[in-house]
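Asks: pasting a predicted model and its sequence here:
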Amino acid sequence: DVKVTQSSRYLVKRTGEKVFLECVQDMDHENMFWYRQDPGLGLRLIYFSYDVKMKEKGDIPEGYSVSREKKERFSLILESASTNQTSMYLCASSIRVWNRVFKDEQYFGPGTRLTVT
Amino acid sequence: QQQVKQSPQSLIVQKGGISIINCAYENTAFDYFPWYQQFPGKGPALLIAIRPDVSEKKEGRFTISFNKSAKQFSLHIMDSQPGDSATYFCAATNSGGSNYKLTFGKGTLLTVNP
């Protein structure tokens, strides 16, 4: 069964701390994504990666960085956590297939609810 | 040009009723339109998707209607059930694009009352 796991369900950090959120997928997917989800704002893309050691900025990369040293693992780093980074963080991996029909599916982890105090 | 606008933000429907969620896009390069369903405490999961070569796609009680000229698409949930209560996101992407990003709408919180 397809699985994306995130290292923590809940995390509380202090302002200024460096925070690591880990995501692991077991599907051998090339593409991985980090989103944050806030009420009324939907899913906003922070960073994504389409290959090992490759990364691209999403819509809201400021204050974040990422690391992808292995295909199955994609880490989100908050260099110096701030209160406005309190949010739900969702990791996803995806496969895009062209057979007779096209299919693109992102598989999401359960999320990490981060509180920065 | 990258936006997908989704409405309504929230929706309350009685059991057995029809739930309708609408989305509009601007980027004419988008050619794949999935819907994701998210239950509380879970990540979103793909529900149903459509390409613009068809105007409608049905899977069980869920139907996507697509209007290419208006650049709009909608999700219809027939015979809505309390178990359908969730947040629904529409999305769009370019199947031939060089990256695999999805552009998501802001979501609709559906509540189906028993």
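Replies: Here it is on my side, so go on.
Asks: shouldn't A:F48 be in contact with A:W34?
Replies: Yes - A:F48 is within contact range of A:W34, at 7.2 Å (criterion: Cβ atoms under 8 Å). Where C-beta positions appear, they are placed from N, C-alpha and C, glycine not excepted.
Asks: sec struct for the closest residue to chain A within chain B, please.
Replies: Residue nearest to chain A within chain B: B:G43 (2.8 Å; Cβ to the nearest Cβ). Three-state call for B:G43 (DSSP: H, G, I helix; E, B strand; the rest coil): coil.
Asks: wait, it touches A:Q106, no?
Replies: No - proximity of B:G43 to A:Q106 does not meet the contact threshold set by Cβ under 8 Å, at 9.1 Å.
Asks: need the phi and psi values for A:Q85.
Replies: Per-residue torsions, A:Q85: phi -100, psi 0 (degrees, to the nearest 10).
Asks: against B:G105, how distant is the residue of chain B most remote from its centre?
Replies: Note on chain B: the largest C-alpha distance from the chain mean falls to B:S98, namely 23.5 Å (Cα atoms, centre = their mean). According to Cβ to Cβ, to the nearest Å, B:S98 stands 23 Å off from B:G105.
Asks: ok, the residue farthest from the centre of chain B - contacts?
Replies: Contacts for B:S98 (Cβ atoms under 8 Å, 6 or more residues apart in numbering or on different chains) come out as none.
Asks: isn't there a helix covering it?
Replies: No - applying three-state DSSP, one finds B:S98 to be coil, outside a helix.
Asks: quick one, phi/psi of it?
Replies: Here is the backbone geometry of B:S98 (degrees, to the nearest 10): phi -80, psi -10.
Asks: identify the contacts common to A:F48 and A:W34.
Replies: Taking Cβ under 8 Å, 6+ apart as the criterion, A:F48 and A:W34 both touch A:G58.
Asks: pull the number of nearby residues for the residue of chain B closest to chain A.
Replies: Using other Cβ atoms under 10 Å in any protein chain shown, B:G43 is surrounded by 22 other residues.
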